[in-house]
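1. no sequence on this one, just coordinates:
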């Protein structure tokens, strides 16, 4: 908030506040005041008309017409109530001093009290800048009227009036500040309600606070980590050890927090995939800026989305019998023109069925040449040339690798495909596939399955003539929170 005007720096937040203030408070507030004055001036006009005081009748009928017109515009057209309230307040104070004098001191005092009460009610329903403007202008009008009408100049009433004005401005400042602070608290609560809705499905999550005095993350709470984090020290160590873009998760969240805090974003949300030891973890973190930054980190389980997958069979035993039945028909169908298409379909059913069950933790040691040769048999129109040593073995999910090969073979426009490899690092190899490919389809396939494929294979190049893939010889596994010895046993 601007400390002088109390307006929010974020224009969207300010617009939302004005909209809610208009809907929940200002319309009702001004409606009550305007209708009350319409009734008041109606009876005043009627009284002066019956008493044949036409001069006063015309003065009061003018104010009655003003409030009738204001009420019509309020109900039929959008006008700024803030401006209308300022006009009404000044008109009433001018009317009171110029046309509503009374010779009876008691009646004059009572009218003055009523006018001051009405002025206060109108002022409190407006924003601080125009409220303070009204208080100061009305005080100046009262001082001018006092100096013109008084017969002897006494200073202490003027001093008291100035003091009361200063106190009133201070009260209006604190009142509007409290109203806006309450609005922000309500918005924060609603934002957190939307975030915490994600946790209904028993997702694992961590909540942290950031202490800006010590520049450290502080543990707040964690849920649904039955076999992972045993203490808050484990959680804080995880933040330091997990890596994202060669930076610790701890430092990355801190950098994001400071960046978006400077841009005055009150709620920030992002999904990332981080590495810890040999684990690959998909995180969704949200940063909520209140009195101190609060960080919510949700741990997502990996999901494999398969487009155009053939229907799979729920029972694994029945599925095995079903596949064996299909394979037993090979001899009868071998001479048929659609035999290869039939066998290709069976293989795809097998792959997709296997990928429905714990694919993210199913890792086998495979021979690269053997798997490529096996999948190439389903594409007899393509000549596959493999320039790879027969001893190249790697740990991966064979069904994932087979699915990638099927996608490459199905989207080629050539009859020769060449496979070469190179050792990128000690635990990574680069597989180069040469031919003529529909690279856009291959690229979209890897983009769609990026979350799941990145555990085993990463697309490094995709052109019409070359597809490059990088394989982890010891692939990352889904997040377990276990110690390093357990992870090494898994891979």
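-> Perfect, I can see it now. Source: prediction; values computed, not measured. Numbers count the residues shown, from 1 in each chain.
2. what separates stretch 50-69 from the chain centre, distance-wise?
-> 56 Å (Cα atoms, centre = their mean, to the nearest Å).
3. Could you do stretch 392-412 as well?
-> On the basis of Cα atoms, centre = their mean, stretch 392-412 is displaced by 37 Å from the centre of the chain it belongs to.
4. can you pull the buried residues of it?
-> 392, 394-409, 411-412 (16 or more other Cβ atoms under 10 Å). (C-beta placed from N, C-alpha, C; glycine too.)
5. before we move on, what about stretch 166-183?
-> So, applying 16+ other Cβ under 10 Å, buried residues of stretch 166-183: 168, 169, 172, 173, 176, 180, 183.
6. which other residues reach that stretch?
-> Contact with stretch 166-183 is made by 1, 6, 8, 17, 20, 120, 123-124, 127-128, 131-132, 135-136, as judged by Cβ atoms under 8 Å, 6 or more residues apart in numbering.
7. Go again with 10 Å.
-> Contact with stretch 166-183 is made by 1, 3-8, 13-14, 16-17, 20-21, 25, 120, 123-124, 126-129, 131-136, 138-139, as judged by Cβ atoms under 10 Å, 6 or more residues apart in numbering.
8. Select only the buried ones of those residues in PyMOL?
-> Buried residues within the contacts of stretch 166-183, by 16+ other Cβ under 10 Å, are selected in PyMOL with:
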select buried, resi 1+6+7+8+13+17+21+120+123+126+127+128+131+132+134+135+138+139
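9. Select from the contacts of stretch 166-183 every entry located in helices.
-> 13-14, 16-17, 20-21, 120, 123-124, 128-129, 131-136, 138-139 (DSSP state H).
10. where's residue 229, which helix or strand?
-> Per DSSP states H and E: residue 229 is located in neither a helix nor a strand.
11. where's the closest residue to it other than its chain neighbours relative to residue 215, distance?
-> Excluding the flanking residues, the one nearest residue 229 by Cβ to Cβ, 6 or more residues apart in numbering is residue 235, at 5.1 Å. From residue 235 across to residue 215, the span is 18 Å (Cβ to Cβ, to the nearest Å).
12. Please say which of those two ends up with more neighbours.
-> Per other Cβ atoms under 10 Å, whichever of residue 235 and residue 215 has more neighbours is residue 235, with 21 against 8.
13. Next one: the more buried one from residue 299, what distance?
-> Distance, residue 235 to residue 299, using Cβ to Cβ: 11 Å.
14. residue boundaries of the strands in the stretch 351-491 of the chain?
-> Ranges of strands in the stretch 351-491 of the chain, per DSSP state E, counting those that start in this stretch, are 364-367, 383-387, 393-396, 416-425, 428-434, 457-462, 466-472, 477-478.
15. rounded to a whole number, what's the mean pLDDT of the shortest one?
-> The predicted model assigns strand 477-478 a mean pLDDT of 57.
16. swap in the fourth one?
-> Mean pLDDT, strand 416-425: 85.
17. Next, the angle strand 383-387 makes with it.
-> Angle, strand 416-425 to strand 383-387, by axes from the mean of the first three to the mean of the last three Cα atoms, to 10 degrees: 30 degrees.
18. helices or strands up against strand 416-425?
-> Judged by 3 or more Cβ pairs under 10 Å, 6 or more residues apart in numbering; DSSP states H and E, strand 416-425 is in contact with helix 368-376, strand 383-387, helix 398-410, strand 428-434, strand 466-472.
19. In the last one, which residues are buried?
-> Along strand 466-472, these residues count as buried under the neighbour rule (16+ other Cβ under 10 Å): 467, 468, 469, 471, 472.
20. by how many degrees do that strand and strand 457-462 diverge?
-> 160 degrees.
21. Centre of the chain to strand 466-472, how far?
-> With Cα atoms, centre = their mean, you get 35 Å for strand 466-472.
22. strands paired with that strand, and their directions?
-> strand 428-434 (antiparallel), strand 457-462 (antiparallel) (DSSP bridges).
23. Could you give the average pLDDT over that strand?
-> Strand 466-472 carries an average pLDDT of 88.
24. hmm, back to that, hey, which of the strands paired with strand 466-472 is tucked in deepest?
-> Neighbour counts (mean count of other Cβ atoms under 10 Å) averaged over each of these peak at strand 428-434, with a mean of 18.
25. contacts for that strand?
-> By Cβ under 10 Å, 6+ apart, strand 428-434 touches 368, 372, 384-385, 387-388, 392, 394, 401, 404-405, 408-409, 412, 414, 416-424, 442, 457-458, 460-461, 465-474.
26. ok, now stretch 215-232?
-> With Cβ under 10 Å, 6+ apart, stretch 215-232 has contacts from 199, 201-211, 233-240, 250, 253-254, 257, 292-297, 299, 479-482.
27. Flag every buried residue along that stretch.
-> 217, 219, 222, 228, 229.
28. show me what contacts residue 116?
-> By Cβ under 10 Å, 6+ apart, the neighbours of residue 116 are 93, 96, 138, 142.
29. Which ones among these map onto helices?
-> Per DSSP H, the contacts of residue 116 map to helices at 93, 96, 138, 142.
30. Pipe those into JSON lines and attach distance to residue 281 and pLDDT per row.
-> Converted to JSON lines, these look like this (distance: Cβ to Cβ, whole Å; pLDDT from 0 to 100):
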{"residue": "93", "distance to residue 281": "67", "pLDDT": "89"}
{"residue": "96", "distance to residue 281": "71", "pLDDT": "86"}
{"residue": "138", "distance to residue 281": "63", "pLDDT": "90"}
{"residue": "142", "distance to residue 281": "69", "pLDDT": "87"}
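31. Which residues belonging to the helix or strand hosting residue 30 are considered buried?
-> For residue 30, the enclosing helix or strand under DSSP H and E is helix 27-50. Within helix 27-50, the residues that count as buried by 16+ other Cβ under 10 Å are 29, 30, 33, 34, 37, 38, 40, 41, 44, 45, 48.
32. ok, and for the helix or strand where the residue nearest to residue 229 lies, which residues are buried?
-> Using DSSP H and E, residue 235 sits in helix 232-241. By neighbour count, with 16+ other Cβ under 10 Å as the criterion, the buried positions of helix 232-241 are 235, 236, 238, 239.
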